[in-house]
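>>> Next one to model:
(chains A and B)
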Amino acid sequence: MPAIAETRDAVETLGQSTYKWGFETEIEMDMAPKGLTEDTIRLISQRKQEPEWLLEWRLKAFQAWQAMTEPTWAKVSHPPIDFQDAHYYAAPKKKPGPKSLEEVDPELLRTYEKLGIPLHEQAMLAGVELPEGETARPPVAVDAVFDSVSVVTTFRETLAKAGVIFCPISEAVREHPELVRRYLGSVVPVADNFYAALNSAVFTDGSFVYVPKGVRCPMELSTYFRINARNTGQFERTLIVVEDGASVSYLEGCTAPMRDENQLHAAVVELVAMEDSSIKYSTVQNWYPGDEQGRGGIYNFVTKRGACRGDRSKISWTQVETGSAITWKYPSCILQGDGAVGEFYSVAVTNNHQQADTGTKMIHLGRNTRSTIIAKTISAGHSDSTYRGLVRMMPKAAGARNFTQCDSLLIGDQCGAHTVPYIESRNLSAKIEHEATTSKISEDQLFYCRQRGLSEEDAVGLIVNGFCKDVLKELPMEFAVEAQKLLQISLEGSVG
Amino acid sequence: MNAIAPVGVSAAAFLNRYAGGEGNATRAQAADLLRKAGLPRAGVEAWKYTSLRTLADIAFAGAPVRADAAAVDALLAEAERAYALDAGLSRAVMVNGRFAPGLSRLPDGVSVARFAADADLAPHDDVASALNALLAEDGLTLTVAPGVDAGRMALLSVVVAPDGVALSVHPRHRIVLGAGARLSVLDLSVGRGDYLNNPVLDVAVAEGGHLIHAKLQTEDPVARHLAVVHAEVAGDASYDSFTLTLGAALARHEVHARLTAEGGIVHVNGAQLLDGRQVADLTSVITHAAPACNSRQTVKNVLAGHARGVFQGKILVERVAQKTDGYQMNQALLLSDTAEIDAKPELEIYADDVRCSHGATVGALDAEQLFYLRSRGVAGDEARAILVKAFLHDAVELMGDEALRAVLDRAVETWWNRKDA
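Presented below is the predicted three-dimensional model:
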């Protein structure tokens, strides 16, 4: 395909400038010294003015972590990580809580601006709500996580009126300790896996959402994560609890500045869905993937799990993964309640030297539980992308159903695409269907588009977007647009 | 296989029987691997669902252990009757891991040589092959000269363990087909008593050659069967296999097939029919190491009682293997509330211009299909039988040799009737 090669060459010359979110913000940081000991954990706990029980919980996790070894089963490779060579706490220098725009560090605001965060007219930051009708779309509440400490949370009052709690988890620890204590670690136990244990020991901040009985959260909740200071691992902790008959849609978007050193990110997200409730969790992940030679980039080792505790509860994960040097991520559903529903929609794009090992786990415990998995994997450049997913039907999951579809698209002949599903059934009446395909962009489709006047690159973009359509349509509107753009940016330099 | 982690259980019982000192590099390597990795227990990725833990506690006696001649004759006669084997079918018989010329009828067109020198041991790096390499003492090399159609033959393994003795046998066989040669092999194992059968078969099919390998495993219900096939398939050649697993308490059939030149074809089909507390594992790695090759795999599990079926199938497409066509389907039918299936179909693909797909389904007999048959006057048991056999038929009909397909069909029939009884 000479035409494709030509275009590829042309695009490659554009170089790495395509990572348009590569910049660094200079803000004074309050940092813990490098290394991880019990003292570090005590320091974090003390800085965050945490109660005794949380410190003990952290220490328990730390002990468990020390006895664990890093998992090796994923199809990724990286030099050994020196966990003692990182800062485990970094907070922007403390000022009295920003109450108006003027009080917010202007550097921070500029960062948001560059990010294009829909902070929805920055006046929102000052707590000034727009008059009704002035917003063209439903409002989005943002809990912006700037490195490790949530700096500003908007829309608090509107949410409070509905009874929804949406705040940094450190604040929730202080103000709603009974809720946090009850649910924290109840889905991902402290010793669940190596990275989750590490997170439990040193997590600095994250979001907490609580939607009380019967409440439909009046707006979509959104957190923008950024990793900013050099050499700080990010250990976000997110906990979302949705009571009987309640529902929430949560958006998580990530970008990170350009840097040389690899950075570890080990977040934990826990979702709890009670009877007849639903949680929709959408992620667009676009952290720095490293340069064309595979130098630098974020290591994204994340544990995400939701428990459908109540009957007819529903958890839906949607993710668009385009960033990070290495992704190790398996958003999962434990379907405990009868008739519970789990969904996983994923697009994972790897380019250059990125590695992604991602997928889901659907554990069916309750009767008539249902799960759907749609995973689209696109590999380009020298990258490797793996779908790894588990579907497990436990003995009591009578009448349970699963449908899985994994499709891989290879762009270029130096990349790899792999599919590793694990299918386990211990119930006679449970039904599992799994399909997987691997292919490249068909010459016929390309020809068809080119013939109608599309450039090669646009044609590929169109075909790739079509390939991902089943997933993209699950995203909330504002994310879907961003995600489509991301796909194209991520594939620049490789797509012919 | 790569994922050998040093977390297995001790292989000391086997290592103690290895004399060492003979200076054979392959054996020494195998001993080294077993010392370091041990016998895998579930959790090691390549053995995720099958543990050899129970083997560690048994002091298996090595061959030669004299087999009860009457028992051997009875087992052979029983197999011939049950599967209606052609009386004239050529056969090479192994008794307790040793070639038994007196019971064999060697075919024309196939030269049969006995495993002689340790130097014949091909090195492999999987655990079951290592165990075989450590203790292999006998086996056969079947060679078909270029251009010869050698017809059909049987490779029969009979193991009879004396009462109170646990026996392990580790035959090492080889099938070599010259360019354009053809051969069909029925690979049948039967036995009685407490034993481990650990055969390793190396297959090499030269350009344009065509090997059909129909394996029927009907070991004693308390026995263990740990087999490995390593097949190298040249250009325009084919290795067409079907493995029907009925016997043994613990069984694993592992296939490593490698397509080394354009136009090669590999079929790794199979079925596992299990009941009681049987555990059986069909694991395969099909490597496309050359362009424009074709691999097909259909595997069915029918699981009753407390049985557990395992399927792990990997299709690996190397960077050079453009224009690969790979297809894999695995389906499981659960007949009881306590049966379990664990499947891991895997695609590992490094070439972009390929067509690879796999599908998997798990479920019970379809209530609507049952109703359809019942409503037309077919009794419940018979309706179930029809549906289960139809389910298996999709796979068995892929066997390219008609006479051997008939043998497999009979074996399915026998299993179903015995299960019902």
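
>>> centroid residue for chain A?
A:Thr283 (4.7 Å; C-alpha atoms, centre = their mean).

>>> so which strand or helix has that residue?
Of the helices and strands defined by DSSP states H and E, A:Thr283 is found in strand A:278-286.

>>> chain center to whatever helix or strand comes next after that strand: distance?
With elements assigned by DSSP H and E, the helix or strand that comes after strand A:278-286 is strand A:298-308. When distances are taken as C-alpha atoms, centre = their mean, to the nearest Å, strand A:298-308 is centred 7 Å away from the chain's centroid.

>>> The strand holding A:Thr283 - contacts with which helices or strands?
strand A:237-242, strand A:247-255, strand A:268-273, strand A:298-308, strand A:314-321, helix A:477-491 (3 or more C-beta pairs under 8 Å, 6 or more residues apart in numbering or on different chains; DSSP states H and E). Where C-beta positions appear, they are placed from N, C-alpha and C, glycine not excepted.

>>> neighbours around A:Glu38, how many?
14 (other C-beta atoms under 10 Å in any protein chain shown).

>>> residues touching it, list them.
A:59, A:62 (C-beta atoms under 8 Å, 6 or more residues apart in numbering or on different chains).

>>> Throw the helices and strands packed on strand A:278-286 into TSV and include distance to A:His434 and mean pLDDT, thanks.
Below are the helices and strands packed on strand A:278-286 laid out as TSV (distance: least, C-beta to C-beta, whole Å; pLDDT from 0 to 100):
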stretch	distance to A:His434	mean pLDDT
strand A:237-242	29	95
strand A:247-255	28	82
strand A:268-273	24	96
strand A:298-308	21	93
strand A:314-321	18	94
helix A:477-491	25	75
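
>>> Tell me which of these lies nearest to chain B.
With C-beta to the nearest C-beta, the closest approach to chain B among the helices and strands packed on strand A:278-286 belongs to helix A:477-491: 13.8 Å.

>>> Buried residues in the closest one, which are they?
By neighbour count on 16 or more other C-beta atoms under 10 Å in any protein chain shown, the buried set for helix A:477-491 is A:478-480, A:482-484, A:486-491.

>>> now these as JSON lines including distance to chain B?
Converted to JSON lines, the buried residues of helix A:477-491 look like this (distance: C-beta to the nearest C-beta, whole Å):
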{"residue": "A:Glu478", "distance to chain B": "33"}
{"residue": "A:Phe479", "distance to chain B": "29"}
{"residue": "A:Ala480", "distance to chain B": "28"}
{"residue": "A:Glu482", "distance to chain B": "28"}
{"residue": "A:Ala483", "distance to chain B": "24"}
{"residue": "A:Gln484", "distance to chain B": "23"}
{"residue": "A:Leu486", "distance to chain B": "22"}
{"residue": "A:Leu487", "distance to chain B": "18"}
{"residue": "A:Gln488", "distance to chain B": "19"}
{"residue": "A:Ile489", "distance to chain B": "21"}
{"residue": "A:Ser490", "distance to chain B": "17"}
{"residue": "A:Leu491", "distance to chain B": "14"}
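
>>> rewinding a little: so what strands line up beside the strand holding A:Thr283?
Using DSSP bridges, strand A:278-286 pairs in its sheet with strand A:247-255 (parallel), strand A:314-321 (parallel).

>>> Ranking those strands by mean neighbour count, which comes first?
Highest mean neighbour count of the strands paired with strand A:278-286: strand A:314-321, a mean of 26 (counted as mean count of other C-beta atoms under 10 Å in any protein chain shown).

>>> who's in contact with that strand?
Taking C-beta under 8 Å, 6+ apart as the rule, strand A:314-321 contacts A:271, A:273, A:277-285, A:304, A:306, A:308, A:327, A:329, A:331, A:333, A:340-349, A:356, A:358, A:360, A:471-472, A:474-475, A:479, A:483, A:486-487.

>>> so how far is it off the chain centroid?
9 Å.

>>> Counting by contacts, list what the helix or strand that comes right after it packs against.
With elements assigned by DSSP H and E, the helix or strand that comes after strand A:314-321 is strand A:326-329. Contact analysis of strand A:326-329 by 3+ C-beta pairs under 8 Å, 6+ apart lists strand A:298-308, strand A:314-321, strand A:355-358 as its packing neighbours.

>>> need the helices for the chain, in chain order.
Using chain A here. For chain A, the helices defined by DSSP state H occupy A:2-12, A:38-47, A:52-66, A:106-115, A:156-162, A:169-175, A:177-183, A:194-202, A:443-451, A:456-467, A:469-472, A:477-491.

>>> actually it's chain B I care about, not the one you picked
Assigned by DSSP H, the helices in chain B fall at B:12-15, B:25-37, B:69-82, B:127-135, B:367-375, B:380-396, B:402-420.

>>> Can you list the buried residues in the fifth one?
Think helix B:367-375. If you call a residue buried by 16+ other C-beta under 10 Å, then helix B:367-375 has these buried ones: B:370, B:373.

>>> That one vs chain A: in contact?
No: counting by C-beta under 8 Å from any C-beta of the partner chain, chain A is not contacted by helix B:367-375; separation bottoms out at 9.1 Å.
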